[in-house]
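Peer 1: Have a look at this prediction, sequence included:
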Amino acid sequence: MPETHQFITDDAGNKTSVVLPIAEYEQLMEDLSDLACVAERRGEESVPLEDVVARLKEEGLVPDHG
């Protein structure tokens, strides 16, 4: 796989910036957003899966097959 990152350096040759494909940038931003949501909800009480599924069925968001 060819290298898709390009580095911008200062006069001393130190890397100061990076150029990467838009798709990779967008994926990184999505991952960062997901991590921020996880961090914000870290202290929240968990809900059993069965309760979530039941609520989604009641709201008509998941078909009730049984």
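Peer 2: Perfect, thanks for sending it. Residues are numbered from 1 along each chain as shown.

Peer 1: mind listing what the closest residue to residue 19 other than its chain neighbours touches?
Peer 2: Among residues not flanking residue 19 along the chain, residue 6 sits closest, at 4.2 Å (CB to CB, 6 or more residues apart in numbering). Backbone N, C-alpha and C define where each C-beta goes, glycine included. Neighbouring residues of residue 6 by CB atoms under 8 Å, 6 or more residues apart in numbering: 18-20.

Peer 1: quick one: residue 59 from residue 43, how far?
Peer 2: 26 Å (CB to CB, to the nearest Å).

Peer 1: If we go by neighbour counts, what in the helix or strand that residue 16 is a member of is buried?
Peer 2: With elements taken from DSSP states H and E, the one containing residue 16 is strand 15-19. Along strand 15-19, no position meets the burial threshold by neighbour count (16 or more other CB atoms under 10 Å).

Peer 1: where are the low-confidence patches of this structure?
Peer 2: For the chain, residues meeting the criterion pLDDT under 70 lie at 1-2, 66.

Peer 1: hey, which helix is longest across it?
Peer 2: Longest helix of the chain, by residue count under DSSP state H: helix 22-40.

Peer 1: returning to that earlier point: name the residues that touch the strand holding residue 16?
Peer 2: Strand 15-19 is touched from outside by 5-10, with contacts defined as CB under 8 Å, 6+ apart.

Peer 1: can you count the residues close to residue 4?
Peer 2: The tally of other residues near residue 4 (other CB atoms under 10 Å) stands at 10.
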